[in-house]
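Peer 1: Give me coordinates for this.
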Amino acid sequence: MILVMLGTQNNSFHRLLEKIDQLVEDGKINGEVIVQAGYTKYESQNMKIIDFVSNDEIEKLEQADYIITHGGVGSIINSIEKGKKVIAVPRLKQYGEHVNDHQLDIVESFDKLGYIIGITDVSQLEEALQRVKEFRPKKYIQNTGNIISIVQNFID
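Peer 2: Below is the predicted model of the structure:
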């Protein structure tokens, strides 16, 4: 099972769901796909889409083989704390998915540290799906100072 988490950002992230839908149609993604869509309104015969779920429900859903998520710090950290394989895709300002492109920096930082597979655009998702099979994420150890440093580097 694949869990897709779009967080609670009030802008749509259709671009990611359209790509996942296409990859399911093309047989590149097999198995059940469950989407926590937030404010993204999308219909698909290929995915089970839930707007919002409680933390308890997310815990149950995190039995997923891997997680595809937007570039939100909360979604990424929540997933890697549980030792999940994560593919992160940033929301981009040019598509009206966020107010700026800070998620690019967040995804790049976690990728460089070896915690996730970070991609910059949905066009790279198929390749990331191949990589996730062999990917062994670095074990995440909560280090508030390190996260503050990542955020501070972004701000600077």
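Peer 1: Isn't residue 128 up against residue 121?
Peer 2: No: here residue 128 lies out of contact with residue 121, judged by C-beta atoms under 8 Å, at a distance of 10.5 Å. All C-beta spots, glycine's among them, are computed from the backbone N, C-alpha and C.
Peer 1: The two: who's more crowded?
Peer 2: The residue with more neighbours, out of residue 128 and residue 121, is residue 128; 19 against 12, by other C-beta atoms under 10 Å.
Peer 1: Identify each buried residue in the one helix or strand the more buried one maps to, please.
Peer 2: Per DSSP states H and E: residue 128 is located in helix 125-132. Applying a neighbour-count criterion of 16 or more other C-beta atoms under 10 Å, one finds 125, 128-129, 132 buried in helix 125-132.
Peer 1: Same list (those residues) but as CSV, adding pLDDT and distance to residue 50.
Peer 2: Below are the buried residues of helix 125-132 laid out as CSV (pLDDT from 0 to 100; distance: C-beta to C-beta, whole Å):
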residue, pLDDT, distance to residue 50
125, 98, 21
128, 98, 23
129, 97, 22
132, 96, 22
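Peer 1: Least confident secondary structure element in this structure?
Peer 2: helix 144-155 (a mean of 64; mean pLDDT, DSSP states H and E).
Peer 1: And what about residue 63, helix, strand or coil?
Peer 2: Assigned state for residue 63: coil (three-state reduction, DSSP: H, G, I helix; E, B strand; the rest coil).
Peer 1: just the helices in the protein please.
Peer 2: Counting by DSSP state H, the segments of the chain that form helices are 14-25, 55-61, 73-81, 102-112, 125-132, 144-155.
Peer 1: just checking, what packs against the first one?
Peer 2: If I follow you right, that is helix 14-25. Secondary structure elements in contact with helix 14-25, counted by 3 or more C-beta pairs under 8 Å, 6 or more residues apart in numbering; DSSP states H and E, are strand 2-5, strand 33-36, strand 66-70, helix 125-132.
Peer 1: Quick one: the ones you listed as a markdown table, columns for distance to residue 80 too.
Peer 2: Shown next, in a markdown table, are these (distance: least, C-beta to C-beta, whole Å):
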| stretch | distance to residue 80 |
| --- | --- |
| strand 2-5 | 12 |
| strand 33-36 | 17 |
| strand 66-70 | 9 |
| helix 125-132 | 13 |
